[in-house]
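Chemist: below is the sequence, then the predicted model.
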Amino acid sequence: MKQYKIRITPYSTKYAEQTVDMWRDSKEQAICQKETHDFENHVYFLNHILPEQFQIDLALIDEEVVGMIAYNDSEISQLYIHIEYQGIGIGRTLLDKAKAQSSGKLTLYTFEVNEKAQRFYENHGFKIISRGHKNEEILPDIKYEWISKNDVIDKTEK
């Protein structure tokens, strides 16, 4: 297996087009559906809307965007990995950073058709807490929750 030097860095608008290209390709592969928004609107969302509530980090290999995550202390809004770099630990690295900076609990949504994402999140400690939420893709989705083992231990000791 090839070794890559992956660098995690805060999002910068200089990576906007690369990030949106990667995001759209990854999402389309995951849900077998074209993005509902045009490219320019997607870039605007990434640059102006998403950062209002979420920290955005990128995974880079030689200045190529190979992953992105948008999160705050209680929620992961977006997590996408370049389709050619899935399965090599980039998602786990980004997820671990969000967990470390969380309040001890994170929620996220994934589409029901995205079985690969479901396996990924369940393998990393997320549990299904509800199903069937509304989204603009008009696809059934699943809400997941992760609770830090430290929080579980603290609650049982009280």
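Modeler: Sure thing, it's come through. Numbers count the residues shown, from 1 in each chain.
Chemist: where along this structure do the helices fall?
Modeler: With DSSP state H, the ranges of helices along the chain come out as 16-31, 39-44, 90-100, 115-123, 149-157.
Chemist: tell me which of these lies nearest to Met68.
Modeler: Taking CB to CB, helix 16-31 is the member of the helices of the chain nearest to Met68, at 5.5 Å. For glycine as for every other residue, the C-beta is placed from the backbone atoms N, C-alpha and C.
Chemist: tell me what the closest one is packed against?
Modeler: helix 39-44, strand 64-71, strand 76-81 (3 or more CB pairs under 8 Å, 6 or more residues apart in numbering; DSSP states H and E).
Chemist: one more pass at 10 Å, please.
Modeler: Helices and strands touching helix 16-31, by 3 or more CB pairs under 10 Å, 6 or more residues apart in numbering; DSSP states H and E, are helix 39-44, strand 55-61, strand 64-71, strand 76-81, strand 105-111, helix 115-123.
Chemist: for Lys2, find the nearest of the ones you listed.
Modeler: Of all these, strand 55-61 comes closest under CB to CB, at 10.4 Å.
Chemist: what are the buried residues along the closest one?
Modeler: For strand 55-61, the neighbour count (16 or more other CB atoms under 10 Å) marks 55-61 as buried.
Chemist: looking at those, which one is closest to Asn72?
Modeler: Taking the buried residues of strand 55-61 together and measuring to Asn72 by CB to CB, the closest member is Gln55, at 6.5 Å.
Chemist: and the closest one, what is it in contact with?
Modeler: Counting by CB atoms under 10 Å, 6 or more residues apart in numbering, Gln55 touches 10-11, 69-73, 77, 97-98, 101.
Chemist: want to throw the helices and strands packed on helix 16-31 into a markdown table with distance to Trp146 and mean pLDDT?
Modeler: Converted to a markdown table, the helices and strands packed on helix 16-31 look like this (distance: least, CB to CB, whole Å; pLDDT from 0 to 100):
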| stretch | distance to Trp146 | mean pLDDT |
| --- | --- | --- |
| helix 39-44 | 27 | 97 |
| strand 55-61 | 17 | 98 |
| strand 64-71 | 11 | 98 |
| strand 76-81 | 9 | 98 |
| strand 105-111 | 5 | 96 |
| helix 115-123 | 8 | 96 |
